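Q: Attaching a predicted model along with its sequence, questions to come.
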Amino acid sequence: MATAVFTSSYFSKEPAILRRVQAAAAFLWLVYGVLIHSVPVIVANVIVTGVALASSFRMKAVNARE
């Protein structure tokens, strides 16, 4: 499911939406990591989710100023 969500991000026309969809996919991978008790999967996807969300909101703020 996470891979399908990530793949769908390539159909996004707006960069901020693309990053939010990618954050959603990373969150699903994070849940998977929790279910299988895999610390590396959890840590990696906490980072990816955070960066994707932060950059999506930063892009929105930059676009609003233009």
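A: It's in.
Q: Nearest residue to the residue sitting nearest the centre point of the chain in space, please, no chain neighbours.
A: Nearest to the geometric centre of the chain sits Ala23, at 1.2 Å (Cα atoms, centre = their mean). Using Cβ to Cβ, 6 or more residues apart in numbering and skipping residues adjacent in sequence, the residue nearest Ala23 is Ala52, 3.7 Å away. To be clear about C-beta, it is placed using only N, CA and C from the backbone, and glycine gets the same treatment.
Q: Now do the buried residues in stretch 25-38.
A: Ala25, Ala26, Phe27, Leu28, Trp29, Leu30, Gly33 (16 or more other Cβ atoms under 10 Å).
Q: a markdown table for these, including secondary structure, pLDDT and distance to Ala44?
A: Shown next, in a markdown table, are these (DSSP: H, G, I helix; E, B strand; the rest coil; pLDDT from 0 to 100; distance: Cβ to Cβ, whole Å):
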| residue | secondary structure | pLDDT | distance to Ala44 |
| --- | --- | --- | --- |
| Ala25 | helix | 97 | 13 |
| Ala26 | helix | 97 | 8 |
| Phe27 | helix | 97 | 12 |
| Leu28 | helix | 97 | 13 |
| Trp29 | helix | 97 | 8 |
| Leu30 | helix | 97 | 9 |
| Gly33 | helix | 98 | 8 |
